[in-house]
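Peer 1: Mind looking at a prediction? Sequence and model below.
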Amino acid sequence: MSTTIPLKEAVVVILDIGLGMTSKDSDGTITSSSIEDALRSVTLLYQQKLIYGKKDQLGLVLIGTKGTKNNLQDDGYQHITVVSDIEEPSIETLKYLENLSPGESKGDVIDSLIVAMDMLIRKTENKKYQKRIFLVTNARDPINTEDLSIVRDQFKKIDVKLNIIGVDFLEEREENDMETNNNNNKNKSLKEKNEIFLREFAESVDGVLVPVKQALEMMSFFRSQSVMTRTSFRGALEITPELKIPVWGYLKMKQQSLPTLKKISSLAQQQIEQQQKQKKNKDDQCDDDEEQARPNITLDVNQEISYYSITDPDNEILKPDLLKGYKYGKSLIPFSKIDEDQLKYSASKCLKVVGFTDRKSIPIYYNMGNTEVFVSQPGDKQSEEALSSFIHALIETDQVMIVRYVKTMNGSPYLGYMIPHVKSDYVCLYYNHLPLADDIRQYQFPPISPKNPLTRKSNIPSAEQLEATQQLIDSMDLMKSEFDEDGDPIQMLKPRYTYNPLLQHFYQCLHHRSLHPNTQIPKLDPVIAEYINPDQIIMNKSKQSIKNFADKFPLTKTTAFSKTPAISGGNTNGTTSNTNNTMIGGVKYRWKDGMLIGEEINLDSYVTDDGSEAKKRKVNDFSEFSLDKLVSGYVTEVGTINPVQNFKDMLNRRDMDLVDKAITLMKERILQLVNDSLRDQYYQKAFECIKELRVGCIRESEAEQFNGFLKEMRSLFQSKKRDDFWQYITADVSSILGEKSINLITQDECDSSEVTQEELDQFLDKRVKQFTPPPITNINTDSVDDLFDQIE
């Protein structure tokens with residue numbers, strides 16, 4: 001009958017802080033290098049359990065303390081102090097270890113083991129726990145070896161695992177050599193005898209002894225979290241409708257992300273601290289009624305979200321009244337929960353083979369998402385044999401399966417592939433999602449292979465360059481960078497033993513901030529820094545190869561391009577021409593809308609995404625560059641503070657076409673300025689807006705929009721309430737203000753206009769009127785609405 005291994009563990013950590021853990025220099029100064037290593041190893045152990053061992057419980061015992069505090073102290077177990085019983089690890093214990101000082105007495109290691117076993121028996125009686133004892137010592141103090149057989153039997157009886165971390169212990173090879181050389185020499189030091197004794201004792205109880213340096217190296221890395229093996233899929237691998245193999249799937253690998261941090265309320269924390277201070281200051285204890293009357297204050301931060309409409313900000317919108325909206329073009333399409341349920345694709349749970357393909361047709365960079373492993377159903381001999389035969393057949397033919405995978409009922413379907421994997425003790429199938437066409441980035445690069453006929457000669461490497469590259473790769477080959485005990489090359493940086501440095505540093509900072517909340521984040525641990533940087537042995541080995549590679553591929557700094565490059569083509573007078581463009585003196589002229597426009601040549605003015613010269617950028621895009629220009633580049637509205645500049649910025653937007661929107665908003669803004677004007681307060685500002693609107697409509701070939709708007713204003717203002725404004729914009733005041741009157745856009749000004757000169761003369765009243773222009777006001781006068789917006 002098989003027994004299940006308990007998932008939680010009860011651990012007792014024994015730390016020796018006695019006189020033997022400290023030493024004195026020649027001048028009598030106490031040095032504590034041994035106890036520092038011991039404390040660090042225990043701190044790292046607690047750190048590991050605090051982060052990963054959520055169900056594990058720890059107790060801490062000190063050897064060599066001046067006082068005594070344990071359950072067996074009346075039986076003669078002196079100078080042994082139980083700091084904490086077996087309980088969940090806490091920050092308080094780490095803070096205690098941070099401020100722990102060396103002891104002032106000597107304690108016995110065997111006595112501490114007996115105290116630890118007594119603690120385990122009391123804690124785990126009639127409960128399912130794995131039991132373990134960690135002993136951290138340098139074995140300099142005397143050890144009582146009487147009744148040792150009883151201690152051994154008790155270890156095996158309660159099934160306790162012993163791990164000894166030896167501080168300043170010799171390596172096992174050195175100890176064996178010393179024992180062989182001094183086999184007949186009885187003048188061994190006390191420490192040497194104790195080391196041999198502890199090593200033999202650990203072996204007799206099936207324990208392990210590890211030097212402290214090796215322990216620190218192992219515990220400096222926050223290991224991957226041990227999780228319970230749970231199936232992600234249980235069903236049949238359907239190869240054909242008649243051939244189905246029962247399989248179980250497990251999650252093999254997933255992307256590791258940083259743990260989420262929980263927010264706490266600093267205000268609630270202050271209230272709790274005040275309550276604790278008030279409770280300590282009271283002489284009499286509170287009765288039960290008063291204790292129950294106190295509010296239960298928690299540190300949790302609860303987020304409340306309220307929804308309001310822009311058009312009706314005073315009334316709150318309830319969450320049931322909200323609908324999802326998906327952008328389709330420039331419109332938002334409402335999509336209710338009912339629509340979503342009706343249109344949602346439902347699929348049945350399955351793992352169905354779609355077909356087979358060669359293994360080389362699926363490159364490794366096609367792997368997406370998590371990796372899952374599929375094995376035959378446990379206990380089913382027939383399915384185990386069928387799946388094994390199928391896997392071996394895939395390996396022999398060097399093929400993989402393309403499958404349709406739906407993990408749960410009504411789950412999302414995935415297209416993936418399964419690759420066979422065979423080990424000496426098991427066979428399995430690895431599954432990965434396949435990318436769709438939208439997931440693949442098709443980058444086009446020029447060919448560099450010497451065998452490709454399209455490769456340019458300048459891109460073909462020479463034989464010396466190829467040899468230098470191959471030497472560099474061989475010298476930095478991780479498959480041959482380390483060697484085992486027999487001298488055979490082994491792989492370096494195996495993923496199984498390589499931990500995430502980002503996660504390592506995160507927990508390092510978390511541990512430091514928990515102990516020192518008011519200090520800065522610590523620098524990267526040297527162990528982690530050595531771990532993420534290139535190995536020094538490899539760099540020394542490849543030093544010559546790197547130098548040879550740099551010599552074969554010299555890099556030269558290019559000279560900066562001038563703003564007006566020399567004109568090619570062999571034309572001595574500096575002029576080139578073609579059907580559409582003319583180049584004179586480094587300036588390129590082209591025809592646009594019947595006008596000859598000059599542009600200075602600059603390499604930055606060409607966009608070469610598709611290799612054509614049709615997409616060009618104006619040279620002076622970055623001239624007069626300022627923060628205002630940067631901010632105005634994303635204007636989408638014509639405001640009342642600076643409508644002229646807003647209108648220009650919208651017309652100049654290159655990421656989207658806002659011409660129609662800009663013209664419409666400018667019309668609305670002009671009418672608003674005229675109607676809101678107190679007498680002639682905003683007439684000058686409206687006049688400037690009309691002038692800019694006219695210029696913009698000519699530039700964008702939207703003459704009909706301006707002509708229609710001008711006719712609309714005539715019907716609204718002429719001979720009516722705002723007739724003074726109409727007379728102001730149409731009167732010829734060039735002799736007074738140097739400004740011409742506003743008129744329709746004619747055919748001579750814009751090809752899109754249908755207004756002739758005769759229609760232009762008939763549009764405005766030819767009667768000569770004496771018109772006195774209003775005093776010029778500041779055209780940037782802010783409207784009341786915009787000023788209130790700025791105040792808010």
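Peer 2: Noted; the coordinates are in hand. Numbers count the residues shown, from 1 in each chain.
Peer 1: Skipping adjacent residues, who's closest to Phe134 in space?
Peer 2: Once flanking residues are discounted, Phe134 sits nearest to Val13: 4.6 Å by CB to CB, 6 or more residues apart in numbering. C-betas here are computed from N, CA, C, even on glycine.
Peer 1: give me the beta-bridge partners of the one you found?
Peer 2: For Val13, the beta-bridge partners are Leu60, Phe134 (DSSP bridges).
Peer 1: how close does it get to Phe445?
Peer 2: Separation of Val13 from Phe445 (CB to CB, to the nearest Å) stands at 57 Å.
Peer 1: Also Leu261?
Peer 2: Relative to Phe445, and taking CB to CB, Leu261 is found at 42 Å.
Peer 1: ok, back up a step: look at Val13 and Phe445 and report which has more neighbours.
Peer 2: Set side by side, Val13 and Phe445 show more neighbours around Val13, with 27 against 5, by other CB atoms under 10 Å.
Peer 1: all helices of the stretch 401-550 of the chain, in order?
Peer 2: Using DSSP state H, counting those that start in this stretch, the helices of the stretch 401-550 of the chain run over 463-475, 501-515, 526-532, 536-541, 543-552.
Peer 1: Make TSV from those helices and add mean neighbour count to it.
Peer 2: Shown next, in TSV, are the helices of the stretch 401-550 of the chain (neighbours: other CB atoms under 10 Å):
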stretch	mean neighbour count
helix 463-475	14
helix 501-515	16
helix 526-532	13
helix 536-541	12
helix 543-552	14
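Peer 1: of these, which approaches Leu716 most closely?
Peer 2: Closest approach to Leu716 among these (CB to CB): helix 501-515, 65.9 Å.
Peer 1: which other helices and strands contact the closest one?
Peer 2: Other elements packing on helix 501-515 under the criterion 3 or more CB pairs under 8 Å, 6 or more residues apart in numbering; DSSP states H and E are helix 33-51, helix 91-98, helix 526-532.
Peer 1: Thr469 is nearest to which of these?
Peer 2: helix 526-532 (25.1 Å).
Peer 1: could you give me the average pLDDT of that closest one?
Peer 2: In this model, helix 526-532 carries a mean pLDDT of 78.
Peer 1: CA atoms only for that helix, dumped as CSV, please.
Peer 2: Coordinates of the C-alpha atoms in helix 526-532 are reproduced here as CSV (Å, rounded to 0.1, in the frame of the first residue of the first chain):
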residue,chain,number,x,y,z
PRO,A,526,27.2,39.8,-5.8
VAL,A,527,26.0,36.2,-6.2
ILE,A,528,23.3,37.3,-8.6
ALA,A,529,25.6,39.8,-10.3
GLU,A,530,28.1,37.0,-11.0
TYR,A,531,25.2,34.8,-12.1
ILE,A,532,23.9,37.2,-14.8
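Peer 1: ok so, going back, mind putting the helices of the stretch 401-550 of the chain in a markdown table, distance to Phe483 included?
Peer 2: What follows is the helices of the stretch 401-550 of the chain, written out as a markdown table (distance: least, CB to CB, whole Å):
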| stretch | distance to Phe483 |
| --- | --- |
| helix 463-475 | 16 |
| helix 501-515 | 25 |
| helix 526-532 | 19 |
| helix 536-541 | 11 |
| helix 543-552 | 20 |
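Peer 1: Select from those helices the stretch with the lowest mean pLDDT.
Peer 2: Taking the mean pLDDT of these, helix 526-532 comes last: a mean of 78.
Peer 1: how far is that one from where the chain is centred?
Peer 2: Helix 526-532 sits 21 Å away from the centroid of its parent chain (CA atoms, centre = their mean, to the nearest Å).
Peer 1: Can you tell me the SS state at Leu332?
Peer 2: The three-state label given to Leu332 by DSSP: H, G, I helix; E, B strand; the rest coil is strand.
Peer 1: For Asn71, see how far away the closest residue to it other than its chain neighbours is.
Peer 2: Spatially, and ignoring its direct neighbours in sequence, Leu332 is nearest to Gly325 (4.1 Å; CB to CB, 6+ apart). To Asn71, Gly325 is 67 Å away according to CB to CB.
Peer 1: Same check on Arg40?
Peer 2: For Arg40, the distance to Asn71 - CB to CB - is 29 Å.
Peer 1: Enumerate the residue intervals of this protein where per-residue confidence is below the cut-off.
Peer 2: 1-7, 23-33, 53-54, 171-187, 217-228, 279-296, 558-634, 654-655, 732-740, 764-792 (pLDDT under 70).
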